[in-house]
Structures are given as C-alpha cells and as structure tokens.
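A.B. asks: Structure of the sequence below:
(one chain, ligands or ions: 3)
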Amino acid sequence: MEITLDILQKVIKKREPNSHKGNFGRVLLIGGNINYGGAIIMAASAAVHTGAGLVTVATNKENLSSLHSVVPEAMFINFFDKVSLTTAISTADVVVVGPGLGADNRAKEVLEVTLSNISDNQLCIIDGSAITLISENDSLKELIANNKKIIFTPHQMEWQRLSGIPIDKQIDDINLQKQTSLNATVILKKHHTTIYHQSGTIDNLAIGGPFMATGGMGDILTGVLAAFITQFKESSLDERINAAVYLHSYIAENLSHKYYVTLPTDIIKKIQKTMLKVISEQK
Ligand SMILES: NC(=O)C1=CN([C@@H]2O[C@H](COP(=O)(O)OP(=O)(O)OC[C@H]3O[C@@H](n4cnc5c(N)ncnc54)[C@H](O)[C@@H]3O)[C@@H](O)[C@H]2O)[C@@H](O)CC1
Ligand SMILES: Nc1ncnc2c1ncn2[C@@H]1O[C@H](COP(=O)(O)OP(=O)(O)O)[C@@H](O)[C@H]1O
Ligand SMILES: [Mg+2]
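C.D. replies: Numbering: from 1, shown residues only. Ligands and ions are numbered 1, 2, ... in the order given. Prediction:
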C-alpha cells in the first residue's frame, strides 16, 4: 500500500510528563572509517534529533573530535576495542551497522564482532558498507541466519549485490522471493522506495525526489529509523518503519520548494519542528 501523511499522526506520540531518557531507547551506531566519518556522525545526529534517549557511536577514534563537535549528545567508543563494542551491543535496544564502515578487512572484523554479538531478538539495521560486506562473505550471512529482527536498507546497487538481482530486474515478485529467503525486512531505497516488511506486507513511498540524491541521505535515514523503532512502541514495527521512511522524504520534499538540493544536515535540522507540528495537530 502507498504510505500517506496520516502515518505520522498515527505513530508519533506526545511524551508522558514523567518519562525519562530510558523510555526512548538506547541506539548504538557502528560505522565511520577514516574516509567516511561523516556518514556515522550524520546518522547519529539524525537519531538524536528524532528523539532517541541515549545514542552511542562506535567508530574510528579519528572521528571522536568531529563527532563531539557536531553532536555532543552522543557517546563514543572505539570500534576496534572488542570489549567495549561487545558491551555496548549487549545494552543496545537497536543497533545500526554500516554507514561509512568501509569494506576492508578491519571493517569486516568490526562487522563480524557486531553480528556475532547481536542476540537473535535484538533489532539490527544493516546499511551501506555492511550490506556490501555481507554480500561478499557467506560467513557473515550465516551469523545472522537465525536473527528474525534484521532490517536491510540497501539502495538498488547494494540490493543487486545482496540479492543477485540486477537493477533492471528488481520488480516486486522477484524482490519478494529474495526478501522472504533472507527472513528480514528490506527497505529498497530508490526513487519511490519500496518496503518489503518481514510480516509479508509491501508498502510504497510516493514522495521524495532527485533533490535527495546527495551523499549521506541514506545514512541519516538509519538514524531516523532507529529512533522511531525505539520510541513509538505503541505502533507496530511495520508502522514505525513506514513513519520513519515517510518523515525523511516528507521533510526533504518540503525543503525542495525552497532549495535546489536538500542536504542531509538540513533535513536533520527540521526533524524536531516537524515532529512537534505533527503532535500539535493531534486532538
Ligand atoms: N559523508 C560520508 O562519509 C559518506 C559516506 N558514505 C558511505 O560510503 C559507503 C559506500 O556507499 P555508496 O553508496 O557511496 O557506494 P556504493 O558503491 O555502494 O554505491 C554507489 C553507486 O551505486 C550506484 N547506484 C545505482 N542505483 C542507485 C541508487 N538507487 N541509489 C544509490 N546508488 C545507486 C551509483 O552508481 C552509485 O555511484 C557506505 O558505507 C556509505 O554509508 C556515503 O553515504 C556518502 C557520504
Ligand atoms: N531521485 C530520487 N528520488 C527519491 N528519493 C531519492 C532519489 N535519490 C535518492 N533518494 C533517496 O535518498 C536516499 C539515498 O540513500 P543512499 O544511496 O544510501 O545514500 P548515502 O549512502 O549516500 O547516504 C534514499 O532514501 C533514497 O530513496
Ligand atoms: Mg547508503
């Protein structure tokens, strides 16, 4: 079904007066090598601005100063420190892995530690380089074979790598077969994104446009997704995913009336206001 604006009204909820950061979820984001530090920093910033209660970033230590100058709300761990990484995974509600991780051997080791320590019931969003690494390594695929709470967020090229389906053959019937065999949710990002939910439902996004074709646009979606998933538990997982995907493109579309391209960092700045507007219109 097509996702419509009313999904935001349905999912986003006013906060209870006596609630605290522990009620809004612990998000761990793993990624950002020396070349792609911006990816994980933007993802973390998006999670913080969407309302995640506690956000930790596991990244290359070279990114520490930049991380804290952009988003001091986020905590830091060195992703090569296996003990810290394992501990952080065990206490996270949602783990995001992949934005800017890179695909070299050290990145693969970080992903191995991550996937080995995610419990079967822990929700994990797998994006960017992590999708590419999993596509290339059967041993990594096996590590998540029993996990029923995986969300892949590939763009079409990443989906081609993961599924083996060439971009021009990526139609619903064929995609669905592969998604079912992966036993995961697949958010296939493209012009008018399609979401193949693990529940078997297929949803489509009819908003967003080429003004979003800027590096980092998918990275921030992971943060928005993680924050929706940890916060709005009165709604089903499918609804929370749809709302996050919709909000991301909805803000971009609004910005596109004033700007030629919509930058990921500009979208981040509009998240809080847009969410407040949604709840202020609720009866
Ligand atoms: N500021 C940063 O640090 C950034 C880091 N990034 C990270 O860089 C790593 C590599 O990701 P990339 O996606 O750049 O590289 P990839 O090599 O995985 O894929 C990009 C290529 O795929 C092709 N493609 C075909 N259909 C596409 C579609 N619908 N959407 C997007 N691309 C499509 C395009 O030719 C494009 O150049 C990821 O870990 C990512 O998170 C990128 O997000 C860019 C920004
Ligand atoms: N032409 C387009 N129409 C609609 N959405 C787009 C378009 N181009 C890019 N996007 C959106 O921007 C995001 C790009 O994600 P991705 O390719 O992973 O970016 P990055 O890895 O650089 O962060 C996706 O949500 C995608 O749907
Ligand atoms: Mg990406």
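A.B. asks: Show me which residues of stretch 168-175 are buried.
C.D. replies: By 16 or more other C-beta atoms under 10 Å, the buried positions in stretch 168-175 come out as 170, 175. (Glycine included, C-beta is placed from N, CA and C.)
A.B. asks: what residues does the helix or strand where residue 157 lies touch?
C.D. replies: In the assignment (DSSP states H and E), residue 157 maps to helix 156-163. With contacts defined as C-beta atoms under 8 Å, 6 or more residues apart in numbering, helix 156-163 is touched by 128, 131-132, 134-136, 152, 154, 165-167, 170, 175, 178, 182, 186, 188-190.
A.B. asks: one more time with 7 Å
C.D. replies: Helix 156-163 is contacted from outside by 131-132, 134-135, 152, 154, 165-167, 170, 178, 188, 190, using C-beta atoms under 7 Å, 6 or more residues apart in numbering.
A.B. asks: List the buried residues of it.
C.D. replies: 156, 158-163.
A.B. asks: now do stretch 21-33
C.D. replies: Neighbour-count burial for stretch 21-33 [16+ other C-beta under 10 Å]: 24-33.
A.B. asks: Equivalent analysis for stretch 66-77, please.
C.D. replies: Neighbour count says stretch 66-77 has 67, 70-71, 74-77 buried, by 16+ other C-beta under 10 Å.
A.B. asks: Likewise for stretch 6-22?
C.D. replies: 7-8, 10-12.
A.B. asks: Just the ones of those residues in strands?
C.D. replies: Among the buried residues of stretch 6-22, no residue falls in strands (DSSP state E).
A.B. asks: Intersect those residues with the contacts of ligand 2.
C.D. replies: Filtering those for proximity to ligand 2 by C-beta under 6 Å from any ligand atom leaves nothing.
A.B. asks: Tabulate the residues you listed in TSV, adding columns for pLDDT and distance to residue 206.
C.D. replies: Formatted as TSV, those follow (pLDDT from 0 to 100; distance: C-beta to C-beta, whole Å):
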residue	pLDDT	distance to residue 206
7	98	12
8	98	15
10	97	17
11	98	18
12	98	20
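A.B. asks: Greatest separation within the residues you listed: which pair is it?
C.D. replies: 7 and 12 (9.2 Å; C-beta to C-beta).
A.B. asks: which neighbours do these two share?
C.D. replies: Common contacts of residue 7 and residue 12 (C-beta under 7 Å, 6+ apart): residue 243.
A.B. asks: correct me, but residue 150 touches residue 187?
C.D. replies: No: proximity of residue 150 to residue 187 does not meet the contact threshold set by C-beta atoms under 7 Å, at 11.3 Å.
A.B. asks: Looking at the two, which one has more neighbours?
C.D. replies: More neighbours surround residue 187 than the other of residue 150 and residue 187, with 27 against 21 (other C-beta atoms under 10 Å).
A.B. asks: Test of understanding: give the bridge partners of the more buried one.
C.D. replies: Beta-bridge partners of residue 187, counted by DSSP bridges, are residue 195.
A.B. asks: Identify the residues contacting it.
C.D. replies: Applying C-beta under 7 Å, 6+ apart, we find residue 187 in contact with 151, 153, 193, 195, 245.
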